[in-house]
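Asks: Compute the structure for the input listed below.
(2 chains)
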Number of protein chains: 2
Amino acid sequence: MAKTDPLPSWNEGKTKQAIKDFVARVTTEGSSDFVTPNKRIAVFDNDGTLWCEMPLPVQLFFAVDTAKAKAEADPKLGQTEPFKSLLEGGLKAVAAQGLKAVAEIVIATHTGMTVMEFEQSVRDWLKTARHPKLNRPYTEVVFQPMLEVLDYLRANGFLTFIVSGGSADFMRVFAEETYGIPPPQVVGTTFKTHFEMRDGVPMVLIDPALDVFDDKEAKPPAIAKFIGRQPIACFGNSDGDRPMLQLTIRGRAAEVPGFGLIVHHTDGDREFAYDLDEHLKWGQLNKTLPEVEDYGWVLADMKKDWKTVFPATVQKAQQGK
Amino acid sequence: MAKTDPLPSWNEGKTKQAIKDFVARVTTEGSSDFVTPNKRIAVFDNDGTLWCEMPLPVQLFFAVDTAKAKAEADPKLGQTEPFKSLLEGGLKAVAAQGLKAVAEIVIATHTGMTVMEFEQSVRDWLKTARHPKLNRPYTEVVFQPMLEVLDYLRANGFLTFIVSGGSADFMRVFAEETYGIPPPQVVGTTFKTHFEMRDGVPMVLIDPALDVFDDKEAKPPAIAKFIGRQPIACFGNSDGDRPMLQLTIRGRAAEVPGFGLIVHHTDGDREFAYDLDEHLKWGQLNKTLPEVEDYGWVLADMKKDWKTVFPATVQKAQQGK
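Replies: Numbers count the residues shown, from 1 in each chain, chains lettered A, B, ... in the order given. Have a look, this model is predicted:
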């Protein structure tokens, strides 16, 4: 009897074969490329790699919805910029005021509370929010083929990590249930925090200041800091992932030829075809694409390589937990 | 037949019983205090909790030895302060110049190189260095009863983390082999780093600047940042661990009554009796001790509770790896 296909949402072809060949290569005992399980570290970008990042990264939808609700509940705040513009003209009107105004929206919805309070606000939002174009809960705009890769790698002894520009505390709310990635394996953008003893209750407060924006050149240092070990497999989709894709292939600690896979957003019908648009503020692949051959990265062409894009069934995260 | 004792180096008594009772309580399905394995997070301080921190924390011995070797190899450096004083009068002479001089010794031996180069220098040092009083390799001045606790917790589905004032990159060199704690589960002091592409090789360089000194009030934020989940068990030995001990018992995310254990250094014959000395710059327990009863922490009295202090056999880390 044939073995069950571990990657049923991938069309047969060289991309799917490359993933399977890599896994076979590093897990075959006796092979010169064999890697012990404790060193089978795989890192995944989140936005655009594990889930949809268009027309906005999901976390920005959260920031906008939450800031609007705050401004509506607090008329004084609602009359203050950039909240006034947000209520009147949405994110577009805020963005017109520049990056600082957008940052204010983010700071107002992500800081000035305990980590637990923040997580609760994300959890509440996820329960009812739906992607405006794909008309699904956000935890269902994840890519089914990538969920299969995560499972496949773990079944082969890999430790799977997220290393993303999204905030770690945001992703930790759903990453365990949605991706099977527990909080300690979620690396992302962080805000400054401090410890406080309030009425006898010890707590960690999030301060209104960015700690590290975990993107581009910040990703390899984040890997060094949070994981402490060279990844042997890296999955990304944009120039923001280029340094960690480079590190995975040519970092000095690379004991075996690593594996890099890039999700190429080519499918305007089922998702969005966008990554070559030079006007984009995120999700561009233009710097990375010319290096694909040199580094030996595998290009996963969404249109050609993916049989299915999104999961068919309702995710557990939506069942009210 | 009786079950094998999971804690053979602990004398029978209420301390040993408290550890076993806690583990039984959170792992018994159907019990109201049952905790699912993914939430069985245990955090351990390192210096003074998992290994000996007297007469100096091990990492300072490393800094001194390595700085001396550098200053001897580079006569120009050897004539510059604080290296000149270090060569002439040891750490004492440097400390007499103040904390800034000691910090210079640390910066010179921990930064200005890649993470891999730093790790190699620690690995090389550990191969031959020996504790000056206990006359053993440093990876053998670990506490056998605590090694048993680590194993016992993991056998019961716990994830074990180090959360220590020592530097993460220093501890990661030996923590996996010595404690069974892999690099991603080692949280510690960090230096600033940056990504660099040097002659086509992507690398992470350690900059000569402290990022976070992971001690005291910095420990709960580090737990929030690196682990992202409330610990249900915390093991420490000094006032530096007080905030994380408090968080474990009374943090808002505490779904079950947590467990806190404090290693009390009372054994001047087998180790060092020091933690009530008010002149100590580290390892003092004076602020924490009065709160033991209120928080329900368990005091492990080294003299009374530990049958053995150090492991009898040679650790694997010393066999030349």
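Asks: show me the residues around the residue nearest to the spatial centre of chain A that make contact.
Replies: Centroid-nearest residue in chain A: A:N46, 1.4 Å away (criterion: C-alpha atoms, centre = their mean). By C-beta atoms under 8 Å, 6 or more residues apart in numbering or on different chains, the residues touching A:N46 are A:162, A:164-166, A:171, A:188. Just so you know, the C-beta spots here come from the backbone N, C-alpha and C atoms, and that holds for glycine as well.
Asks: top of these by neighbour count?
Replies: A:S164 (31 neighbours; other C-beta atoms under 10 Å in any protein chain shown).
Asks: To which secondary structure element type does A:G157 belong?
Replies: coil (DSSP: H, G, I helix; E, B strand; the rest coil).
Asks: cool, and the one 5 residues further on?
Replies: Assigned with three-state DSSP, A:I162 falls in the strand class.
Asks: can I assume it is in contact with A:P183?
Replies: No - applying C-beta atoms under 8 Å as the test, A:I162 and A:P183 come out as separate, 10.2 Å apart.
Asks: where exactly do the helices run in the stretch 1-150 of chain A?
Replies: Here the stretch 1-150 of chain A has its helices, by DSSP state H, counting those that start in this stretch, at A:14-27, A:58-73, A:75-78, A:83-95, A:99-110, A:115-128, A:144-155.
Asks: Among those helices, which comes closest to B:A209?
Replies: helix A:99-110 (24.8 Å; C-beta to C-beta).
Asks: Remind me what that closest one packs against, helices and strands.
Replies: Using 3 or more C-beta pairs under 8 Å, 6 or more residues apart in numbering or on different chains; DSSP states H and E as the contact test, the elements touching helix A:99-110 are helix A:58-73, helix A:83-95.
Asks: re earlier: what about chain B: which of the contacts of A:N46 touch it?
Replies: Near chain B, judged by C-beta under 8 Å from any C-beta of the partner chain, there are no entries from the contacts of A:N46.
Asks: How about the contacts made by the residue in the stretch 1-150 of chain A that chain B sits nearest to?
Replies: For the stretch 1-150 of chain A and chain B, the shortest gap (C-beta to the nearest C-beta) falls at A:V115, measuring 5.0 Å. Listed by C-beta under 8 Å, 6+ apart, the contact set of A:V115 reads A:169, A:193, A:204, A:206, B:224.
Asks: Now stretch A:276-288: average pLDDT?
Replies: Across stretch A:276-288, the average pLDDT comes to 96.
Asks: CA atoms only: put it into PDB for me.
Replies: Coordinates of each C-alpha in stretch A:276-288 appear next as PDB, following Å, rounded to 0.1, in the frame of the first residue of the first chain:
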ATOM      1  CA  LEU A 276       6.500  42.200  -7.900                       C
ATOM      2  CA  ASP A 277       4.600  45.500  -7.400                       C
ATOM      3  CA  GLU A 278       7.400  48.000  -6.700                       C
ATOM      4  CA  HIS A 279       5.000  50.400  -4.900                       C
ATOM      5  CA  LEU A 280       4.200  48.000  -2.100                       C
ATOM      6  CA  LYS A 281       5.300  48.900   1.400                       C
ATOM      7  CA  TRP A 282       5.500  45.200   2.400                       C
ATOM      8  CA  GLY A 283       5.400  41.800   0.600                       C
ATOM      9  CA  GLN A 284       7.800  42.800  -2.200                       C
ATOM     10  CA  LEU A 285      10.100  40.100  -3.600                       C
ATOM     11  CA  ASN A 286      12.100  42.200  -6.000                       C
ATOM     12  CA  LYS A 287      15.400  42.100  -4.100                       C
ATOM     13  CA  THR A 288      15.200  38.400  -3.400                       C
END
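Asks: just to revisit the earlier point, okay, the helices of the stretch 1-150 of chain A in TSV with mean pLDDT next?
Replies: Rendered in TSV, the data for those read as follows (pLDDT from 0 to 100):
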stretch	mean pLDDT
helix A:14-27	97
helix A:58-73	97
helix A:75-78	96
helix A:83-95	95
helix A:99-110	96
helix A:115-128	96
helix A:144-155	98
